[in-house]
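Asks: Got a predicted structure plus its sequence, pasted below:
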Amino acid sequence: IVVGLGGDMISGSHHEELAETNELTDIVCVKELAEILLPAIEEVASHFKKVWIPCVVGNHDRVTERPRYSGRVLNSYAWMLYTFLEMLLKARGITNVEMFIPNSFDCILDVSGYKYCFTHGDSIGSGGGDGQIGMIGPILRGTQKIVRQYGVMGVKVDTVVMGHWHMYAPMPGVIANGSTKGYDPYAKGNRFVPEPPSQALWYHHTQRGIISHHQVFVDEPTLSRPTDVQIIPC
């Protein structure tokens, strides 16, 4: 099994608003998240012969105020989290888990000759969405840029896997992951359509490639409206 860790592992405090509203400090978040992910990875490893974990950093887990390209990975709380997990797994003698923690914000994984490019999704060079097609446009434009860039370097990318957009969208050549965060004030302020917290799961056949997609919901099902919606009778 491949378990991708795609960045934005914590909310971060690079924005003044987040620094004021976050429940915990970034360092405490990293510690608590490691305590959550370690047993989860161990549970997966107990059911599968081999576990591959490609790791990329996001934009929210950076330690700098502004996004950077040079030195971005090593200035990320996500990188610290991943390396901690790697050390803890080795200390516990778990040998069937292999973590890939590149110094690049992309991670290319070869699955039986099929190339996946894991990237967070904020550095795909396509700008933001629009009111008609939302995030679909920038996701597809950015995917084509990534495929062309690596193609020039002699690497054929078959599918790009990204997060960042908080929207589950499997499409030809790209899988946009959902988010476990769910609906929040930022999503409401930008008029995003509420999407339940979810993660992407897909099956890869060694000859046929991707053969099925599944959206895994990670919250309790509910028909209630978001808590900040108020209907005033008159």
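Replies: Thanks, I have the structure now. All of these numbers come straight from a predicted model, not from anything done at the bench.
Asks: Show me where this protein dips below the pLDDT cut-off.
Replies: 128-133, 222-230 (pLDDT under 70).
Asks: Can you show me the helices along it?
Replies: 16-21, 26-45, 77-91, 136-152, 185-189 (DSSP state H).
Asks: Quick one: closest of those to Pro197.
Replies: helix 185-189 (11.6 Å; C-beta to C-beta). In this view, the C-beta of every residue, glycine as well, is placed from N, C-alpha and C.
Asks: tell me which residues of the closest one are tucked away?
Replies: Across helix 185-189, burial judged by 16 or more other C-beta atoms under 10 Å covers Ala187.
Asks: Equivalent analysis for stretch 172-191, please.
Replies: For stretch 172-191, the neighbour count (16+ other C-beta under 10 Å) marks 174-179, 182-183, 187 as buried.
Asks: The protein: strands as residue ranges?
Replies: 51-54, 97-100, 106-111, 114-119, 159-162, 169-171, 174-176, 198-205, 209-217 (DSSP state E).
Asks: Give the other helices and strands that the third one contacts.
Replies: Going back to what we said before, that points to strand 106-111. strand 51-54, strand 114-119 (3 or more C-beta pairs under 8 Å, 6 or more residues apart in numbering; DSSP states H and E).
Asks: can you do 6 Å?
Replies: strand 114-119 (3 or more C-beta pairs under 6 Å, 6 or more residues apart in numbering; DSSP states H and E).
Asks: Now the strand it packs on - C-alpha only, PDB.
Replies: The C-alpha trace of strand 114-119 is given here as PDB (Å, rounded to 0.1, in the frame of the first residue of the first chain):
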ATOM      1  CA  TYR A 114       3.700   3.900 -13.600                       C
ATOM      2  CA  LYS A 115       4.900   7.300 -12.400                       C
ATOM      3  CA  TYR A 116       3.000   9.300  -9.700                       C
ATOM      4  CA  CYS A 117       4.100  12.800  -8.900                       C
ATOM      5  CA  PHE A 118       3.100  13.700  -5.300                       C
ATOM      6  CA  THR A 119       3.000  17.500  -4.700                       C
END
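Asks: That strand vs strand 209-217, what angle?
Replies: 40 degrees (axes from the mean of the first three to the mean of the last three C-alpha atoms, to 10 degrees).
Asks: in its sheet, what does strand 114-119 sit against?
Replies: Take DSSP bridges as the rule and strand 114-119 pairs in its sheet with strand 106-111 (antiparallel), strand 159-162 (parallel).
Asks: Would you mark the buried spots in the first one?
Replies: Across strand 106-111, burial judged by 16+ other C-beta under 10 Å covers 106-109.
Asks: what's the offset of it from the middle of its chain?
Replies: Here the centre of strand 106-111 is set off from its chain's centre by 14 Å, with C-alpha atoms, centre = their mean, to the nearest Å.
Asks: Can I get it as PDB, trimmed to CA atoms?
Replies: Coordinates of the C-alpha atoms in strand 106-111 are reproduced here as PDB (Å, rounded to 0.1, in the frame of the first residue of the first chain):
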ATOM      1  CA  ASP A 106       7.700  17.000  -5.400                       C
ATOM      2  CA  CYS A 107       8.100  13.300  -4.900                       C
ATOM      3  CA  ILE A 108       8.100  10.900  -7.900                       C
ATOM      4  CA  LEU A 109       7.000   7.400  -7.000                       C
ATOM      5  CA  ASP A 110       7.300   4.500  -9.500                       C
ATOM      6  CA  VAL A 111       4.600   1.900  -9.100                       C
END
